[in-house]
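Asker: Generate a structure from the sequence data that follows.
(one chain, ligands or ions: 1)
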Amino acid sequence: MQIEVEELTKLYDLKRGLQPTSFSVKKGELIAVVGHNGAGKSTLMKMLAGWILPDNGQATIDGIVLRNRMAVVEKVGFVPEIPNLFDFFTVEYNLKLFAYLFRTPFSRVDEVLREFNLLSFRNNKIQTLSKGLKQRVNIGRTLLANPSVLLFDEPTSGLDFEMTKELYRLLKNIHDDGKTIFFTSHRPEEIKTLATRIMVLHDGSLIFDGSPKDYFQSEVYVNLYAL
Ligand SMILES: Nc1ncnc2c1ncn2[C@@H]1O[C@H](COP(=O)(O)OP(=O)(O)OP(=O)(O)O)[C@@H](O)[C@H]1O
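Answerer: Below you'll find the model as predicted:
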């Protein structure tokens with residue numbers, strides 16, 4: 001297994017956060033993490049990305065333990081819901097800063113600019129870009145270090161129809177490249193068509209883990225999500 005999560009826990013004021021959670025993931029899975037607001041999705045993503053440390057439990061990604069945060073940052077690309085880019089620097093400068101952080105050669109910056117159709121925007125400041133373009137830079141940034149696992153927190157939130165379609169294409173390309181992907185989602189259609197596996201979090205607990213087909217026939221779906 002590529003990812004082993006054992007009793008991973010993060011609790012804010014005893015109740016909220018993520019209750020002890022365990023699962024394992026094979027390389028190349030595309031997992032949708034579903035749940036109402038406050039269910040614990042971002043908490044799980046941030047722990048897997050090494051952004052916050054668990055109170056308890058353990059996880060390994062390609063054999064690297066989460067507490068080894070510098071190594072995790074290079075293994076796991078995290079695309080937060082709100083792009084964490086420097087608005088007042090150019091696209092290229094942002095990518096160079098992160099390449100430096102990830103200890104990646106600057107030649108990767110040109111590759112990412114090309115792969116993400118960003119060459120003509122390289123000298124534009126982030127603050128002048130549309131939401132869709134910012135999203136593209138944000139995703140390109142996470143791929144600089146060529147991580148084997150990618151985590152997307154609500155990647156389609158606030159995107160219009162065209163930008164959403166483009167994001168699906170990007171996700172598919174990244175998945176076809178053999179990467180393991182987690183994405184949090186509220187949208188049944190993307191869960192159905194993109195995901196190979198669904199995890200449902202509810203009040204901080206993992207209450208469903210299975211295929212999209214089983215999910216849409218499950219009591220969890222009927223009770224919590226079907227209209
Ligand atoms: N830093 C924090 N301090 C205190 N409570 C927090 C903190 N971060 C998250 N929480 C709480 O933990 C619970 C889970 O939050 P989390 O952000 O993981 O939910 P989520 O499923 O991602 O929700 P959303 O869909 O709204 O992003 C929520 O009740 C939230 O208020």
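Asker: Please make it C-alpha for all contacts and neighbour counts, starting now.
Answerer: Fine.
Asker: State the next helix or strand along the chain beyond the worst-scoring helix or strand of the chain on mean pLDDT.
Answerer: For the chain, the helix or strand with the lowest mean confidence is helix 188-194, at a mean of 82 (criterion: mean pLDDT, DSSP states H and E). Past helix 188-194, further along toward the C-terminus, the next helix or strand under DSSP states H and E is strand 197-202.
Asker: mean confidence score for the biggest helix by length in the chain?
Answerer: Within the chain, and with DSSP state H defining each element, the longest helix by residue count is helix 161-176. Throughout helix 161-176, pLDDT has a mean value of 89.
Asker: now the angle from the next helix-or-strand element following that helix to strand 197-202?
Answerer: Note on helix 161-176: by DSSP H and E, the next helix or strand toward the C-terminus is strand 180-185. Between the axes of strand 180-185 and strand 197-202, defined by axes from the mean of the first three to the mean of the last three C-alpha atoms, to 10 degrees, the angle is 40 degrees.
Asker: neighbours of Ser22, just the number please.
Answerer: When neighbours are defined as other C-alpha atoms under 10 Å, Ser22 has 15 of them.
Asker: which SS state does it fall under?
Answerer: strand (DSSP: H, G, I helix; E, B strand; the rest coil).
Asker: ok, back up a step: okay, buried residues for the least confident helix or strand of the chain please.
Answerer: Counting neighbours by 16 or more other C-alpha atoms under 10 Å, one finds that the buried residues in helix 188-194 are 191-192, 194.
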